Every structure is written in C-alpha cells, then in structure tokens.
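K.L.:
Dropping a prediction and its sequence here:
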Amino acid sequence: MMKGAPMTIIKDLLEEISQKKMTETINWLTQNTPYRLSGSGDDLEASKYITEKMREYGLEVMNEEFYTYNSEPRYSKVKILSPIEKEVDSLPFAHIKSTSKKGEVFELVYVGTGSYDAYKGINAKGKVVLVEVTYAPPVPEKARIAHEMGAAGIICMNWGNDEEVICNRGLKSVWGNPTEETIGKIPDIVGVGITRNAGLQLKDLYLKGEKVRVKITAISSRKWGKIRQPKGLLRGNEKSDQFILVSSHLDAWKPGVTCNATGNATTLEICRVLSKHREMINRNIYFTFWNGHEVAEAAGSTWFLDNYWDLINKNCIGYIHIDSTGVSQTKIFEIKSSDELLDFSIDNFRSIMGEEKIRTMALKKIGDQSFMGIGIPSVTQRMSFTEDDMEESNGATLGWWNHTKDDSLDKCNLETLLIDTKITLSLIYKLATVELLPYNLNKMIFNIRDRVSKLSETYAKHLSFNDIINNLTVIENDIIKIQNKKESTTRELVEQYNLLLMSITRILTNVFQTYADKYQQDSYGHTRLSYEIPLFADLERIDNIESRDSLEYGMLQTQLVKNKNRINDSLKMLIDLINLYKIVFKID
C-alpha cells in the first residue's frame, strides 16, 4: 500500500518553484491593483488576473460573484481639545458609526488591550476608549467589547515603536454576512486609527489624571453589494472524490505586499506547479482567493462554506490557509494546526528543513478559519517573528507595517517566500497523495481529555465533568485500537477508515474548538475562542461570583450545563458511530 509521496518526487516538485513567477504576481497585484479592498474595483481586477492565471494552468475556474455587507472608509480628523490643543493624523475604520461632518466631542479613557479585564474600575459609557493594536483580543473584538461597555467610540494606536504609520482596520465583529439575528451585533461606534506616538501622548495625558477631550470626525459607508472571488478546481487522477481546500485572501489595504500579495503569489505558484503533475494527485484541490477578508470579516470564506456546505461536509479532508508569506525579518517557522494534523505538519517541515528550530501553536478560530464549525482539520504556516522581536515591537505579530501604507515591496524577502512556498507545497502534495488520512486522533483525543481534566480539577465545584471524561475515555480506548489497525488496513477498507477519521474530526472540532453551532459563525475573535474549550469559557466568570444564590450565578451555571449536554450528545453520537465501525474493522 502506498504510504505517501516519495521524497525524490517532492524534491523535484520543489525545484520547479519559481521565485521569478512569484515576483511577477506580487508586482502585478501591487502595481496594477494597489488598493484591493473588497468593493473598491481593484479587487475585481485582481480577481480577473488570478482567474485567468488559473485558467492558463488548466484548472476549471470561476470568478464567483456574491453579495456581502461591505464598508468604505472615507475620511477622518482627530483633534485633542484638552488638556492641550493638537491635531493628530488619523485614518477612519471600516464598518463604523459615522460622526456628523462637523465632528463630535468625546471624553477619552485608556483601556490598554481593550479586553474585558482592562475595563475594571473604568466607566467608558458615552466616552471614546483608547486601545493598543494587538491580537489579544483582535480589533473587532476590542470594538465589540467597547460597544458592550457603552463606549461611543474607539481609537486604536498602532503597534511598533516610532514609525509614523497608522493601521487600517475594520470593526465588524460579525463573522461573514449578517442575518436578521446578528446585524444588531455589529458594534455601532465611531472608530479611527492613529500613530503609536500620538497614542502614547494621549495615554500619558490620561494616566497623569488629566481630563482628555478629543474631537473626532470619521466617515465610512456601510453597504450591501456584489464582489467577486476566484475559485479554481485542480482535478487529480480521479482516484478519490475527496479534496483539499487551499486559500489565501485576495483583498488588501494599499499596497498590501505582505498582506497579502505574497500569500496570493505562494498560492498561485503552488497551483501552477501541481497542475503540471495532476496524474500523481489522488485528491482534487480547490484553490480559492477569499474576498471580504479585511472589511467584511471572512465574508468570502463564509459564503463559500454556506453555499458549498454539502460538498465540503462530505469530501473536504483539510483546509490550508496561506497568509503573509515571505515577510522580511522573520526568523522562525511557525505552524498553527489542528491537533490531528500537527504531527503530520511537523514531519513535513523536518523533511524539508531538517532540525531547524520551529514554533508550533494550537490553531484558534481567527483569520479565515471559517471551517472549524463544520470540523475541517486545518493548517496555516509561515516564517514568523521571534517572541523577542514581537515583544520589542509591542505585539506586532506581522510586522509594524501590517495594514499600513508601508507594507511595500521591501517588506518581502524572496528567500523567505521560497521557504514558505516549498514547505506548504510539500504539505499539500502529501495530503493529496497519501492513501490513509494522516490524522493523529490519539493525540487529538488525549489533548481534549487533558483539557477537560484540568477544568475538572479547577471548577468541579461548579460543574461535574465526570460524564464527559468517561465518554472521552471510551472514545480514546477505541480510537487507539482503530489507529493501531492503520498499517494493516486492507485496500478494501481504506475508504471506510478515512470516512471514520473524517467523521470523528467533524464531531469533535465543532464542540471543542467553537462556541456557535456548526451552521453559524462565532463573533470574530470573540474572547470565548481564546479559551481551550470555548463552550466552557464562562467557568472563569462563574468562579468569581461570590454567591451561588445570585441570579447571575444561576444563569451562567444553567448555560454551562446546557453546553456540557451539547458536548455529551456529540460524544454519544461518536461512540455509536465507532461501535459500528468496530464491526467493520473486526475490533472487540
């Protein structure tokens, strides 16, 4: 039985990668369509270019049109009125509540990261909050929390140090297109960005005890309209109906070199190389270039999921998202992966790069990870900054220039781009050719049970976890037996083995990595998603309530019990499914 692609074949494929081709893509996108924000017009031209390139490579292509709730940032002005008078440079955010053309005056309070904890002891009602740009939490979540706290507006100071640049941002925390139920959850607040130096000056005035007043004018539109995104299908040798979904986001703030012309170049080059060897590829590959990533918050990927739900649910075995490859000054390769694909991803990296240092992280629902609810295993990887470098730049995980006018050609390193592209091409090719899916479910279940056990040790006084732990133990024991049969699986049982693994990940990922049900999306970057098990995030809140007789305690505890029942229901479904497959695999 074929265990996977021989390294000699992969080595030959990697040598076909062309830095020149990738440079051509980056140059074309940034020179011809520099402002690729969704709905701008440049995004349409960029989508046409990529669609034609995929057609040239022999893919079945569509430049799909869909509606999305978009926003166009237009104008902003920020003036400090007291205790000093000074105008500071600013940029309006997308999806904000616009001020009048004359502007509005606000009192300012500083809330650091903009997390819930940062508001302790601070009354933000009716005021504008000053926050620092970080991904803990992401800006849309900072805005959602600010709105929840009654703030009238938000000012984000850039990360980095003395660079006189401002981040472009969007404040739409609703993931994908809104529904009647969710449209009211879009933060209805004023929002602007300023430089770090200007932000530090405002912070200093506030921390000195001064009453800081600012006048803000910020105008952005909100609109429902059509945009397009390219999709290309690379058909393999038709040995399987399964497929891999490979993506990078198309839309970008001007000039958007490392976010995300480089990612588009990596994706398109992988498409070009693999299209020449489709006879060796056992699974199909969809190449998609999401639109609506920056402003509409994962609109394109969410639309794709909603409209190809049945196809994805039945046949997608993995999702590879490619973003910000080839970033200059990066020094360490970073893999963010679902538990079940982490070992596979590490082994792939080692096969290319040997024993070079690597950083691995649990994949959280962020970026265009719109497929966690449905349970698709996922990997996103690239060269990244060291922890020291990120700390020195005040949390700039993608470079101080990310989303600014300075994300220019000099921020791309072609050798780094080549490394990123090689490692990801190798990963995709192996996933497309390996006969038995390389999910390490033993590790996945062990990690889940370990997380639940730790919660039990800390919060058992509020909620019993014994039933979940017992169910996970049964599943773990059976999965060990099934995965131990992997090497002896006959060709006749390959399809059944793969279907079982896919079903297990579908069920477990939904209840242990998301909060929303599988047909909806969580709020973008919601605080709950930062917890190891989002459905149990409120255990921390309930632990801080003094009286068990309070209404707040009762409501939280009731919801936590319901969340636990949702998990146990999924685990029971999984136990029943595994018992059926044990008969197929002749396991006692």
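P.N.:
Received the coordinates, thanks. Residues are numbered from 1 along each chain as shown.

K.L.:
Which residue ranges of the chain form strands?
P.N.:
60-82, 86-88, 91-92, 104-110, 128-132, 153-157, 190-194, 213-234, 243-249, 284-290, 316-321, 332-337, 358-362, 378-384 (DSSP state E).

K.L.:
And these: which comes nearest residue 19?
P.N.:
Checking those against residue 19 by Cβ to Cβ gives strand 378-384 as the closest, at 15.0 Å. Every C-beta, even on glycine, is put in place using the N, C-alpha and C of the backbone.

K.L.:
Name the strands paired with the closest one and say parallel or antiparallel.
P.N.:
When pairing is defined by DSSP bridges, strand 378-384 lines up against strand 316-321 (parallel), strand 332-337 (antiparallel).

K.L.:
out of the strands of the chain, nearest to residue 580?
P.N.:
Comparison of the strands of the chain against residue 580 by Cβ to Cβ identifies strand 316-321 as nearest, at 20.8 Å.

K.L.:
How about the closest one, which residues are buried there?
P.N.:
Of the residues in strand 316-321, 316-321 count as buried by neighbour count, 16 or more other Cβ atoms under 10 Å.

K.L.:
With stretch 339-357 instead?
P.N.:
Neighbour count says stretch 339-357 has 339-345, 348-349, 352 buried, by 16+ other Cβ under 10 Å.

K.L.:
contacts for that stretch?
P.N.:
Residues from elsewhere that reach stretch 339-357 (Cβ atoms under 8 Å, 6 or more residues apart in numbering): 7, 10, 14, 318, 332-333, 335, 337, 358, 360, 362, 377-379, 381, 419, 422-423, 426-427, 430-431, 438-441, 443-444, 447-448, 505.

K.L.:
how close does the closest residue to residue 30 other than its chain neighbours get to residue 33?
P.N.:
Excluding its sequence neighbours, the residue lying closest to residue 30 (Cβ to Cβ, 6 or more residues apart in numbering) is residue 255, at 4.8 Å. Distance of residue 255 to residue 33, given as Cβ to Cβ, to the nearest Å: 10 Å.

K.L.:
same deal with residue 379?
P.N.:
Taking Cβ to Cβ, one finds residue 379 at 28 Å from residue 33.

K.L.:
What of residue 8?
P.N.:
Applying Cβ to Cβ to residue 8 and residue 33 gives a distance of 39 Å.

K.L.:
out of these two, which sits in the more crowded spot?
P.N.:
residue 33 (24 against 8; other Cβ atoms under 10 Å).

K.L.:
what helices or strands is the longest helix belonging to the chain leaning on?
P.N.:
Longest helix in the chain by number of residues (criterion: DSSP state H): helix 551-584. Packed against helix 551-584 by the contact rule (3 or more Cβ pairs under 8 Å, 6 or more residues apart in numbering; DSSP states H and E) you find helix 466-484, helix 494-513, helix 539-543.

K.L.:
at 10 Å what do you get?
P.N.:
Helices and strands touching helix 551-584, by 3 or more Cβ pairs under 10 Å, 6 or more residues apart in numbering; DSSP states H and E, are helix 441-459, helix 466-484, helix 494-513, helix 539-543.

K.L.:
ok, back up a step: possible to save the strands paired with strand 378-384 as CSV with mean pLDDT?
P.N.:
Converted to CSV, the strands paired with strand 378-384 look like this (pLDDT from 0 to 100):
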stretch, mean pLDDT
strand 316-321, 98
strand 332-337, 98
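
K.L.:
Distance to residue 221 for those - can I get that in CSV?
P.N.:
Listed next are the strands paired with strand 378-384 as CSV, based on distance: least, Cβ to Cβ, whole Å:
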stretch, distance to residue 221
strand 316-321, 28
strand 332-337, 34
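
K.L.:
what about those, which gets the closest to residue 459?
P.N.:
Here strand 332-337 is closest among the strands paired with strand 378-384 (Cβ to Cβ), at 27.2 Å.

K.L.:
CA atoms of that closest one as CSV?
P.N.:
What follows is strand 332-337, C-alpha atoms only, in CSV (Å, rounded to 0.1, in the frame of the first residue of the first chain):
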residue,chain,number,x,y,z
ILE,A,332,11.4,31.1,12.9
PHE,A,333,9.0,28.8,11.1
GLU,A,334,5.6,28.8,12.8
ILE,A,335,2.9,26.1,12.4
LYS,A,336,-0.6,26.7,13.6
SER,A,337,-2.5,23.4,13.2
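
K.L.:
from the chain's centre, how far out does it sit?
P.N.:
14 Å (Cα atoms, centre = their mean, to the nearest Å).
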